[in-house]
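# this is the structure alone, sequence omitted:
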């Protein structure tokens, strides 16, 4: 069974640019959530999608957005990149229904560097 | 305000010893407490998780102890091995929050051969 797949693995962008990251969840999983991981702030929740709807959102500026497609694949977009956006962006998938908050499985992440 | 506090920040244990990592939380609405293990360059991997209706859960060499009244939970790694050297994160979430996890700051474990 394939795990959570995130692409690309590495990205280097310039300040002011925008970036799109992709996440393919485990087959059968309908919930996709996104996290930002930095040495200073640790792991912080960005948002969660289920059946193409955003169900929850963290405390990030509007420059961070996401969406989910009918096949459960998700993308997140960061516009007007700032140096502080440099981080490992992680996607996690789960069934999203049934017993609440069941196991969430993370991908390997996309390492974004803003220069 | 940090919802989940984790200690220690780093831990050195001899091979065969017991590694203990502690976490404390404030929000009594939390009802799911997973532990994740992360190796360099990899995403966090779910290790073991517990709900507050039990005080202990064991899976192989990994045990979670949960103290609801103290709002604390801990991870015990028995017979620690060099391959256990990684960063460990505790987390908490509550029903209806759709996998919005509040993570601890992480503990870097180094198991010496």
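Received, thanks. From a predicted model like this one, the values you see are computed outputs, not experimental measurements.
# SS state for the residue nearest the centre of chain A?
In chain A, the centroid-proximal residue (CA atoms, centre = their mean) is residue A:34; its distance is 3.0 Å. Three-state call for residue A:34 (DSSP: H, G, I helix; E, B strand; the rest coil): strand.
# up against chain A, what does chain B have?
B:31-32, B:34, B:36, B:41-46, B:49, B:89, B:91, B:93-106 (CB under 8 Å from any CB of the partner chain). In short, each C-beta sits where N, CA and C put it, glycine included.
# restricted to strands, list those residues.
Among the residues of chain B next to chain A, the members found in strands (DSSP state E) are B:34, B:36, B:45-46, B:49, B:89, B:91, B:102-103.
# hmm, back to that, can you tell me how far the residue nearest to the centre of chain A sits from chain B?
Separation of residue A:34 from chain B (CB to the nearest CB, to the nearest Å): 10 Å.
# now that residue, nearest residue through space, not along the chain?
Spatial nearest neighbour of residue A:34, chain neighbours left out: residue A:46 (4.1 Å); criterion: CB to CB, 6 or more residues apart in numbering or on different chains.
# which residue is the nearest non-sequential neighbour of residue B:34?
residue B:49 (3.8 Å).
# hmm, I typed the wrong one, I wanted residue B:41.
Closest residue to residue B:41 apart from its sequence neighbours, by CB to CB, 6+ apart: residue A:108 at 7.5 Å.
# check the secondary structure at that neighbour for me.
Going by three-state DSSP: residue A:108 is coil.
# low-confidence regions, chain B specifically.
By pLDDT under 70, the low-scoring segments of chain B are B:1, B:96-98.
# my bad, should have said chain A
A:1, A:97-102.
# strands of that one, residue ranges please.
A:5-7, A:10-13, A:19-24, A:31-38, A:42-50, A:53-57, A:64-68, A:74-78, A:87-94, A:105-106, A:110-114.
# could I get those strands as TSV with distance to residue B:77?
Below are those laid out as TSV (distance: least, CB to CB, whole Å):
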stretch	distance to residue B:77
strand A:5-7	28
strand A:10-13	31
strand A:19-24	30
strand A:31-38	22
strand A:42-50	20
strand A:53-57	31
strand A:64-68	35
strand A:74-78	33
strand A:87-94	23
strand A:105-106	20
strand A:110-114	28
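# ok so, going back, how far away is the residue nearest to residue B:41 from residue B:88?
Using CB to CB, to the nearest Å, we find residue A:108 at a distance of 18 Å from residue B:88.
# ok, residue A:61 next?
Residue A:61 is 30 Å from residue B:88, by CB to CB.
# swap in residue A:89?
Counting by CB to CB, the gap from residue A:89 to residue B:88 is 21 Å.
# try residue A:79
34 Å.
# neighbour count winner among those two?
residue B:88 (24 against 14; other CB atoms under 10 Å in any protein chain shown).
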